[in-house]
Each structure stands twice: as structure tokens, then as C-alpha cells.
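# Output the structure for:
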Amino acid sequence: MNLVEFKNVSRIYKTGDHELKALDNVNLTLKKGKFVVILGPSGAGKSTLLNMLGGLDSPTSGKIFINQKDISTLSNNELADYRAKTVGFVFQFYNLIPTLTVHENVSLVKDIAPYALSATKMIEEVGLIDHLKNFPAELSGGEQQRVSIARALAKNPEILLCDEPTGALDSKTGVLVLKLLLKMAKSYNKTIVIVTHNQNIAKMADVVVKVKNGKIISNEDQQNPALVDDIDW
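Numbering: from 1, shown residues only. Just a heads-up that it's a prediction; the model follows:
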């Protein structure tokens, strides 16, 4: 059964008399438990696609089904509930609250997610159990990104959405973060969707969706994805 289904989805942004078609009649299906990379140049529509999937934006036309439920017709409150229960987010910039400790940043999700996992357990999983009481400013960029991954997974979402999650990191730290994302996705049976322009990350995916000018130009299953350590970064 498909976890995600986009049916003829378009998103048009209007500024005065000008229209920008960020997505143009997109059709897409994704199965549960897959590592998916959405690949394309800047301005191709990748982030718009991710925002639609995450319930952060709604289509101008078309329908989006998650677990056979049409989220394109949901109200703002219903979309907030969908985001809380179904989706975890990892962004290029970590969006941690600077005045809260690592544990407090991850624990926040229990207030919105009905099936939240243990914050301490998730912090341990990302290798930061010794930093529970540290503040974000006391951590490196890679450590902050690992905290954001722990927070996203603590929500216990079905789908983990990652927008350029290694974009602000050096290549060595980025590889460590990718390994962690893959490990956590497989360990907890999550569907992981990464938006990137990095061809190397695409080599590791189960599914590669290529986007250009708001359209999906290819959607391919990869039978033998590369391992992180096999790629020349």
C-alpha cells in the first residue's frame, strides 16, 4: 500500500499580477519504509514538494493522500494535528531553542505528539547522552543537527522529512549525520525523505525523485543503493 500519493498537484504563488508555478501537475507515490531523495537544482520545486508533504503548505489544485487520507482539504487546525502525529522535520539549520538544554529541546515534542518516544532514549541513540544538560551554543554544528534528529524522531512520526540536512555541515560531519539518519530510519521503520542537490546522497536512496521547473522528470527505484562508506565524498 502507498504511504504517500500526490494526484495532479500544483502550487501557484501570486505576487500582484505575477504568478509562479512552484509545482506543476505533480503525480507521485511513495511506499512505507523507503529512503527517498528528492533531487534537483535550486528553484526546481523540491522544498515546495516537501512542504506539501509535511502539511506546511496546501496545493492550489490536486490532492495529497497520506495513508489514504486526503490532507489537501484539511483545515489549519487539522493540518497542525497531522504534523504533530505523522511528520518529523529535520532542517538545514537546526531550529533548536537556545535557552533550553538538549534534553529540554527534545522533550518539547511530548506536548504535541500523542505517541512520543523517550527523549533520553533518542538522545542516547544519537550519541549525545553525555550532553543532556548542555545548551545548543555549547555544541558543534554536527551535534546540534544530531539533537534535531533526536527531536524529530522523538515525535515517533511515520515520515521523517529532511531539507538539506547536511547543507550547513562539513563533508565529514555530514557523512556522520547521514549514517545516523539511515540507521535511525531503519531501526524505527520510518519513511525518510531528503531534499537535496547533492548527487552523492541520491546514490544511497531506495528511490530517487528528480524535479525540474516544478515537474517530476523521473521517479526511479534503485535496486542496489550505495553505502555511505562506498561513496567518495
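
# chain center to the longest helix seen in the chain: distance?
Ranked by number of residues, the top helix in the chain under DSSP state H is helix 171-187. Relative to its chain's centre, helix 171-187 lies at 13 Å (Cα atoms, centre = their mean, to the nearest Å).

# contact partners of that helix?
For helix 171-187, contacts defined as Cβ atoms under 8 Å, 6 or more residues apart in numbering pick out 35, 90, 125-127, 140-142, 145-146, 149, 153, 160, 162, 165-166, 169, 190-192, 194, 201, 204, 228, 233. Glycine gets a C-beta too; all of them are placed from N, C-alpha and C.

# Let me see the mean pLDDT of that helix.
Averaged across helix 171-187, pLDDT comes to 82.

# Just the buried positions in it, please.
Going by neighbour count (16 or more other Cβ atoms under 10 Å), the buried part of helix 171-187 is T173, G174, V175, L176, V177, L178, L180, L181, L182, M184, A185.

# that older thread, just the buried ones from the contacts of helix 171-187, in PyMOL syntax?
Buried residues among the contacts of helix 171-187 (16+ other Cβ under 10 Å), as a PyMOL selection:
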select buried, resi 35+90+125+126+142+145+146+149+153+160+162+165+166+169+190+191+192+194+201+204+228
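
# what's the pLDDT at M52?
M52 is given a pLDDT of 93.

# For it, which three-state class applies?
Three-state assignment for M52 (DSSP: H, G, I helix; E, B strand; the rest coil): helix.

# Quick check: it vs V90, distance?
Noted for M52: a distance of 17 Å to V90, by Cβ to Cβ, to the nearest Å.

# first vs last residue of stretch 62-82, how far apart are they?
One end of stretch 62-82 sits 19 Å from the other (Cα to Cα, to the nearest Å).

# again, but for stretch 127-144
Terminal residues of stretch 127-144 are spaced 12 Å apart (Cα to Cα).

# worst-scoring helix or strand of this structure, pLDDT-wise?
helix 171-187 (a mean of 82; mean pLDDT, DSSP states H and E).

# how distant is the next helix or strand after it from the center of its chain?
Following helix 171-187 in sequence order, the next helix or strand is strand 191-196 (DSSP states H and E). Remark: strand 191-196 is offset 5 Å from the chain centroid, using Cα atoms, centre = their mean.

# same deal with stretch 83-90?
Here stretch 83-90 shows a centroid-to-chain-centroid distance of 9 Å under the convention Cα atoms, centre = their mean.

# Residues contacting that stretch, please?
The set of residues external to stretch 83-90 that reach it, using Cβ under 8 Å, 6+ apart, is 53-56, 66-67, 112-115, 145, 148-149, 152-153, 155, 157-163, 165, 181, 190.

# per-residue confidence at the closest residue to L23 other than its chain neighbours?
Spatial nearest neighbour of L23, chain neighbours left out: R11 (4.3 Å); criterion: Cβ to Cβ, 6 or more residues apart in numbering. Reported pLDDT at R11 in the predicted model: 95.

# Tell me the secondary structure at R11.
Assigned by three-state DSSP, the conformation of R11 is strand.

# Could you confirm A152 falls within a helix?
Yes - counting by three-state DSSP, A152 is located in a helix.
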